[in-house]
Structures are given as C-alpha cells and as structure tokens.
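1. Sequence first, predicted coordinates after that:
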Amino acid sequence: MNHKPESVNVAIKSIVILISGHGSNMRALLEADLPCKIAAVISNRADAPGLEIAKQYGIATKVVAHRNYPDRESFDAELALCIDSYRPDLIVLAGFMRILTPQFVARYQNKLINIHPSLLPAYSGLSTHARALQDGVKIHGCTVHFVTSDVDHGPIIIQAAVPVLMDDTPATLAARVLDQEHRIFPQAIRWLCNDEISLSTEGKVQMKCLEQSGCPLISPKMELAHA
Ligand code: GAR
C-alpha cells in the first residue's frame with residue numbers, strides 16, 4: 001500500500017502591530033520574515049512615521065486617534081473593535097505609548113506582547129535610559145513580555161543586556177538598547193508564532209524545546225589577569 005505522509009494542517013498565525021511613533025521595532029518585525037501574517041499596523045497617532053513604513057511594506061494601516069475619545073475606556077473600546085476586525089492571534093505593542101485599561105488587557109489575555117526599553121522589573125515607565133544613567137547602573141537593556149494590567153510588568157519572554165559606558169548620554173544608551181530591541185523582538189514573536197513558548201500556571205514563560213544558555217555580560221569589563 002502506498003502511504004502518503006499526512007499533511008499537517010497548522011494554521012499560520014495572524015498578528016496586528018500597534019505603534020505610536022517611529023516604528024523601528026515594527027520595521028524589524030516586518031523585515032524578519034516571520035512565520036505569520038502581519039494583518040495590520042494600527043497607530044493612535046495619525047502622524048506616526050511608522051505608518052508610512054508599514055505602507056511601503058504593503059501592510060494595511062489604520063489610525064485610532066486617542067485624542068478623539070473622551071477617556072481611556074472609549075478609546076480602548078474603539079481600538080479593540082479595530083483590532084478584532086483583523087481577528088489576530090497576537091497583538092504586538094511596538095512602541096505603543098498608551099496605558100491600556102484592565103478591560104482591554106483582559107480581553108486579549110495571553111495575546112498581548114510588549115517591548116520595553118529596560119531590564120524589567122527595573123525602570124518601568126518613561127525615561128528609562130536617563131533614569132538608568134542617573135542611578136549609575138552598569139548594565140541596562142530591554143525586555144519583551146506578555147502584557148498584564150500592571151503596566152510594564154508581566155511574564156518575561158526574552159531580555160537583552162548592554163553595558164552602560166562612562167560617557168553615555170540618554171541618546172547613546174537608547175541607541176545601544178534599541179539595536180538589541182531589534183534583535184530580541186522578532187525572536188520573541190517567532191517563538192510565539194511557532195508555539196515554542198507557553199505560560200506556566202505560575203505565570204512564567206516556559207520554553208518548549210530550547211537550549212537556555214544565554215551568555216554573561218560583565219560591565220565594565222574585568223582586567224584579564226584577574227578574570
Ligand atoms: C522603543 O524603545 C520601545 O521599547 C519603547 O518605545 C520605543 C519605540 O521605538 N516602548 C516603550 O517605552 C513602551 N513602554 P520605535 O517606534 O522606533 O520602535
């Protein structure tokens with residue numbers, strides 16, 4: 001008998017990306033050849049430069065301008081309607097600078113992913129690079145995580161660390177961190193699209209079959225003779 005291999009019908013995931021500004025992280029996702037359909041890019045600001053980039057890549061764009069809504073609840077409700085019209089499996093916050101209501105977060109439980117420019121749980125909120133410099137930390141970085149109603153918290157998927165240099169300004173440090181954001185964000189979304197990560201009952205991210213080596217970063221670097 002001739003046994004044909006059974007075709008496995010794995011549905012490709014669909015994602016919607018939310019932005020507010022330049023969209024460099026969104027661009028990193030668009031350029032990463034991810035195993036998913038990028039259904040749309042939605043911005044809360046009509047003048048977000050990222051919208052033009054998305055159009056150049058042939059991605060549908062929408063604007064839900066927060067200024068047109070009297071409160072967070074009504075903005076989030078309209079945003080949810082817009083998102084739901086694309087029926088995404090994941091909603092990816094790529095520099096989306098709005099605090100989301102608990103109702104919105106609950107609606108998309110385990111489907112909302114954010115990137116934040118710090119090693120969470122340190123430096124949630126704004127001005128992360130200036131605050132890290134102010135504190136004199138030697139290592140800073142970025143985090144991709146599931147969104148919970150606790151702003152800039154939630155199960156961590158991947159982090160990247162960079163050294164903080166003596167002559168750093170918030171801008172130079174931001175640029176070093178942003179380079180790493182562009183590396184880890186596509187990686188996290190790829191894992192999610194391939195169902196390679198899951199959430200434990202304790203709310204921790206578990207890797208299904210990945211080697212979890214990582215590598216140490218010491219900053220400033222140690223003298224070799226004493227290393
Ligand atoms: C990125 O650094 C991102 O981590 C940050 O906004 C920047 C957007 O840049 N997001 C947050 O601070 C969210 N709390 P981009 O528009 O060039 O991707």
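-> Right, received. Where do you want to start?

2. For this structure, which residue gets nearest to the ligand?
-> Of all residues in the chain, Gly95 sits closest to the ligand, at 2.6 Å by C-beta to the nearest ligand atom. C-beta: built from backbone N, CA, C; applies to glycine.

3. Show me which residues of this protein are close to the ligand?
-> Within the chain, the positions near the ligand by C-beta under 6 Å from any ligand atom are 19, 21-25, 50, 94-95, 115-117, 152, 178, 181.

4. how much space between Thr101 and Leu29?
-> From Thr101 across to Leu29, the span is 25 Å (C-beta to C-beta, to the nearest Å).

5. so what's Ile12 up against?
-> Residues near Ile12 by C-beta atoms under 8 Å, 6 or more residues apart in numbering: 35-37, 193.

6. Pretty sure Ala40 sits against Ile91.
-> No. Using C-beta atoms under 8 Å, Ala40 is not in contact with Ile91, being 10.3 Å away.

7. Which one's more surrounded, those two?
-> Per other C-beta atoms under 10 Å, whichever of Ala40 and Ile91 has more neighbours is Ile91, with 24 against 20.

8. give the contact list for the more buried one.
-> 15-16, 18, 83, 108, 111-113.

9. helices or strands next to the longest helix that the chain contains in the packing?
-> Secondary structure of the chain per DSSP state H: the longest helix is helix 170-193. With contacts taken as 3 or more C-beta pairs under 8 Å, 6 or more residues apart in numbering; DSSP states H and E, helix 170-193 sits against strand 13-19, helix 24-30, strand 90-93, strand 112-116, helix 128-135, strand 139-146, strand 156-163.

10. Describe which strands the next helix or strand after that helix pairs with in its sheet and in which direction.
-> With elements assigned by DSSP states H and E, the helix or strand that comes after helix 170-193 is strand 197-199. Strand 197-199 pairs in its sheet with strand 205-207 (antiparallel), by DSSP bridges.

11. how about the partner strand: buried residues?
-> For strand 205-207, a neighbour-count test (16 or more other C-beta atoms under 10 Å) marks Val205 as buried.

12. What lies in contact with it?
-> By C-beta under 8 Å, 6+ apart, the list of residues contacting strand 205-207 reads 146, 155-157, 191, 196-200.

13. so how far is it off the chain centroid?
-> 16 Å (C-alpha atoms, centre = their mean, to the nearest Å).

14. where does this protein have low pLDDT?
-> 1-10, 210, 212, 225-227 (pLDDT under 70).

15. anything in contact with each of Ala40 and Ile91?
-> Both Ala40 and Ile91 are in contact with Val16, where contact means C-beta under 8 Å, 6+ apart.
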